[in-house]
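**Q** The following block contains a protein sequence and its predicted model.
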Amino acid sequence: MRAITAFRNLSLAAKIAVFALITTVTFFGLLALFIAPNILSAITRYGQEQAAGEVKIIQSQFSVIEDEISNAANFLSFAPGLNEALKNSDIQQIRTAVLLQGDALLLDFVQVVDQDGDQLLDLQKTSASLDASMLNSLAQLSFVGGTTTGLIGSEEGSPFLVGVTALKDTTGVVIGAVLAGRRIDSAFMDELRIGRAETHVGFLYNGELAAVTSDDFNQIDRLDEAADLISQAEQGGVAVQVSLGASADDTPDTQAYAPVIVGGSRAGVFALRIEYSVLFELQFQIIQSLRIALLIVVFIASNVLVVLLQFGIIRPFTLLTQQIERITKGEYGERVEIKSKDEIGRLGASFNQMIDIVQQREASLKSLNQTLEQRVADRTRDLREARDEALTAQRLALESSRLKSEFLSTMSHELRTPLNAIEGFSGIMLGGMGIELSPDAEGMMKRISANSKRLLHLINDFLDLTRIESGRLELVKEPIDIRFLVNRWRESVGILAEEKRLDFKIVIDASVPEKIVSDEDALTKIVINLLSNAFKFTRQGRVELQLEADSSRLIVKVTDTGIGIPVHARDYIFEEFRQVDGSSKREYGGTGLGLALVSKLTRLLNGTVSLDSEMGKGSTFSIELPLREEKVLA
């Protein structure tokens with residue numbers, strides 16, 4: 001109680017000093033409590049984000065090298081005279097053709113085998129003994145698929161990344177294959193990390209560390225401690241572990257394990273260790289700078305308190321308060337006397353300015369009241385003119401949109417006529433109607449036919465979009481045998497499943513009636529576009545079409561096990577000409593009209609479209625349409 005009484009008897013300046021001291025102590029206490037956990041949390045987040053980014057870079061660079069090797073094998077298959085030499089089993093001519101064609105290629109070995117898998121030529125820059133059975137199996141795969149890649153083990157432990165291309169004679173019969181590969185060694189691993197000295201990369205093959213980057217790999221080779229992380233990577237996931245004080249200089253580092261994908265299949269594990277000594281040196285500098293800044297703040301605060309105590313606070317405030325009270329009573333002729341240029345002086349000057357403004361505004365209000373009606377009338381006239389201009393601009397915009405839609409529709413019709421002619425003549429020539437084509441000419445005609453069909457399909461989609469936007473697409477709702485229509489869909493897209501060796505399944509629930517009333521063409525375009533997208537973005541697994549119904553809705557679901565759609569892209573993938581990967585070097589083709597057409601046709605049918613997707617696991621598009629059942633008479 002005595003302490004409280006003593007504090008109450010202190011002067012205002014003394015109380016300000018006490019409060020400043022308490023505030024300073026509290027600030028430093030809070031800083032000590034929060035700064036350490038925040039730094040550790042930032043370290044962990046940075047390590048996880050950096051590791052995820054490095055894994056993508058390593059996997060992307062590996063895919064680039066895999067493509068280069070595949071292209072090298074394909075390039076060698078076009079060596080002049082190679083097919084003829086292979087057909088005649090002329091070993092010397094085979095060697096000459098391969099050496100001339102592949103002299104500039106950076107390959108560790110090249111092999112040529114015949115259609116029985118017997119080796120006719122083996123050129124190696126290393127003395128490694130590759131697994132013959134695996135080589136033969138890879139060659140057999142090429143006989144079926146044309147060009148493929150794979151990972152081949154060797155007796156020395158270092159595997160080889162191999163690309164193989166089938167060799168065919170002029171009639172298209174497989175007569176052998178050419179295999180080209182590179183050894184996965186330290187030079188290969190250095191190429192993967194693209195000059196990142198702080199990132200160390202290892203390659204695990206059959207559970208063993210087969211190759212590492214050329215410099216010190218440090219802790220990453222202790223595989224027993226990372227068994228769970230390696231197991232997760234072998235199953236297709238990416239495992240990241242942030243370690244504090246794991247390196248020799250006790251600075252944090254991050255280890256990551258990711259699957260190696262070769263030819264679409266998991267073939268090994270990447271092991272990464274990322275050092276962050278430079279980052280944390282910067283953080284220590286920031287902390288040191290923060291300490292200096294805090295000392296400067298404390299010094300300045302102390303000097304301010306001294307100035308306040310020296311020149312006084314209570315007396316200037318008392319005089320200022322007395323003068324302000326006289327002004328508030330209406331004595332506008334009074335002004336605050338300015339005796340200093342500090343905060344109190346500036347406050348007095350601001351108050352004097354405020355009184356001047358009040359007097360000026362009183363005079364302005366009198367003048368404003370006299371001209372207010374005229375100003376309101378002028379403002380009303382301006383608003384009316386602005387409204388008329390806006391209506392004129394709206395009419396011009398609508399007319400421009402109509403003319404654009406008519407122009408696009410007319411151009412689409414004009415383009416369809418020559419395309420239909422091209423497709424018709426191509427079909428006649430490919431059908432052998434009095435014309436005998438060479439294999440090369442027939443291949444060219446097939447390309448012409450395929451590309452004309454693709455362009456015609458694109459123009460049809462574009463024409464449908466313009467019709468929808470201009471309001472000229474009319475729906476014809478009539479009874480539809482839904483199961484018969486589903487069989488037509490199966491025939492239309494079944495070839496896509498066969499080409500990509502995907503499991504295509506159609507499930508029709510018993511709740512779906514025999515006949516429904518809808519627009520058959522619109523419903524077909526919706527489902528075919530969704531199925532085509534599912535096959536395009538699915539490398540392995542399955543695509544499934546499900547139909548079910550309740551009392552008021554028909555629900556159509558298309559599910560795939562493809563690459564998935566990131567969250568940020570789900571807001572715009574239903575827009576025209578928009579795709580997840582919009583770059584010129586994207587892996588998957590297309591114009592971005594398919595999902596836009598699906599969305600617009602679904603809305604025309606008074607339905608909704610929704611998306612459920614997870615990256616790396618696939619997507620499900622759900623279409624819900626009003627169900628109008630056509631009763632079947634007995």
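**A** Nice, I can see it. Numbers count the residues shown, from 1 in each chain.
**Q** Looking at strand pairing, list the partners for E548.
**A** I555 (DSSP bridges).
**Q** Please apply the same query to Y257.
**A** Where Y257 sits in a bridge, its partners, by DSSP bridges, are A239, A271.
**Q** That one touches F270, doesn't it?
**A** Yes. Using CB atoms under 8 Å, Y257 makes contact with F270 at a distance of 6.9 Å. Placement of C-beta: from N, CA and C, glycine included.
**Q** any idea how this protein splits into domains?
**A** Residue ranges for the structural domains of the chain, counted by automatic domain parsing, are given in the record as 44-278, 474-626.
**Q** what's the burial count for V110?
**A** 23 (other CB atoms under 10 Å).
**Q** same deal with F270?
**A** The tally of other residues near F270 (other CB under 10 Å) stands at 22.
**Q** so it makes contact with K56?
**A** No. With contacts counted by CB under 8 Å, F270 stays clear of K56, the gap being 11.0 Å.
**Q** Next, show the common contact partners of Y257 and F270.
**A** Counting by CB atoms under 8 Å, 6 or more residues apart in numbering, the shared contacts of Y257 and F270 are L204, A233.
**Q** so where does E373 fall, helix or strand?
**A** Using DSSP states H and E, E373 maps to helix 343-430.
**Q** what's the nearest residue to L82 if we skip its chain neighbours?
**A** Spatial nearest neighbour of L82, chain neighbours left out: A97 (4.2 Å); criterion: CB to CB, 6 or more residues apart in numbering.
**Q** Could you do E575 as well?
**A** The shortest distance from E575 to any non-neighbouring residue, by CB to CB, 6+ apart, is to A596 (6.0 Å).
**Q** in what helix or strand does that neighbour lie?
**A** Going by DSSP H and E, A596 is part of helix 594-604.
**Q** Surely V476 and V517 touch.
**A** No. Counting by CB under 8 Å, V476 sits too far from V517 to count as a contact (10.6 Å).
**Q** Pick out whichever of those two has more residues nearby.
**A** Each of V476 and V517 has its neighbours counted (other CB under 10 Å); V517 has more, 13 against 9.
**Q** How about the secondary structure of the more buried one?
**A** Under DSSP: H, G, I helix; E, B strand; the rest coil, V517 falls in the strand class.
**Q** mind checking how far the nearest residue to L123 once chain neighbours are set aside is from F188?
**A** Of all residues not flanking L123 in the chain, V110 sits nearest, at 4.6 Å (CB to CB, 6+ apart). Separation of V110 from F188 (CB to CB, to the nearest Å) stands at 17 Å.
**Q** got a list of what S610 touches?
**A** Shown in contact with S610 (CB under 8 Å, 6+ apart): F621, S622, E624.
**Q** let's see 6 Å
**A** Counting by CB atoms under 6 Å, 6 or more residues apart in numbering, S610 makes contact with S622.
**Q** could you point out which element follows the strand or helix carrying it?
**A** Using DSSP H and E, S610 falls within strand 608-614. The first helix or strand that comes after strand 608-614 along the chain, using DSSP H and E, is strand 618-626.
**Q** can you count the residues close to the closest residue to T561 other than its chain neighbours?
**A** Among residues not flanking T561 along the chain, G541 sits closest, at 3.0 Å (CB to CB, 6+ apart). Using other CB under 10 Å, G541 is surrounded by 14 other residues.
**Q** which SS class is the nearest residue to Q140 once chain neighbours are set aside?
**A** Closest residue to Q140 apart from its sequence neighbours, by CB to CB, 6+ apart: G117 at 6.7 Å. Classification of G117 by three-state DSSP places it in coil.
**Q** number of nearby residues for G117?
**A** Neighbour number of G117 under other CB under 10 Å is 16.
**Q** can you check the one 5 residues further on too?
**A** Other residues within reach of D122, judged by other CB under 10 Å, total 14.
**Q** Check what pLDDT P513 gets.
**A** Predicted confidence (pLDDT) for P513: 90.
**Q** Kindly report the same for T561.
**A** Per-residue confidence (pLDDT) for T561: 91.
**Q** now A349
**A** 74.
**Q** Could you measure from it over to T328?
**A** From A349 across to T328, the span is 18 Å (CB to CB).
**Q** Doesn't Y572 belong to a helix?
**A** No. If the criterion is three-state DSSP, then Y572 is coil and not within a helix.
**Q** on that earlier part again, so the residue nearest to Q140 touches L135, yeah?
**A** No. Applying CB atoms under 6 Å, one finds G117 not in contact with L135, separated by 8.5 Å.
**Q** A166 in helix, strand or coil?
**A** Three-state call for A166 (three-state DSSP): strand.
**Q** my bad, G181
**A** Using three-state DSSP, the structure places G181 in strand.
**Q** neighbours around S551, how many?
**A** Neighbourhood size, S551 [other CB under 10 Å]: 7.
**Q** Look up how far P513 lies from it.
**A** 11 Å.
**Q** how about G562, what does it touch?
**A** By CB under 6 Å, 6+ apart, the residues touching G562 are F537, T538, G618.
**Q** one more time with 8 Å, if that's ok
**A** Neighbouring residues of G562 by CB under 8 Å, 6+ apart: A534, F537, T538, R539, G541, G618, S619.
**Q** hang on, the earlier thing: just the domains of the chain: most buried one?
**A** Highest mean neighbour count of the domains of the chain: domain 44-278, a mean of 18 (counted as mean count of other CB atoms under 10 Å).
**Q** Backbone dihedrals for Q546, please?
**A** Note on Q546: backbone dihedrals following degrees, to the nearest 10 are phi -120, psi 140.
**Q** hmm, I was thinking of S265
**A** phi -130, psi 150.
**Q** my read is N606 is in a strand, agree?
**A** No. Checked against three-state DSSP, N606 lies outside a strand; its state is coil.
**Q** does it really touch E624, like I thought?
**A** No. Contact status for N606 versus E624: not in contact, 9.9 Å apart, counting by CB under 8 Å.
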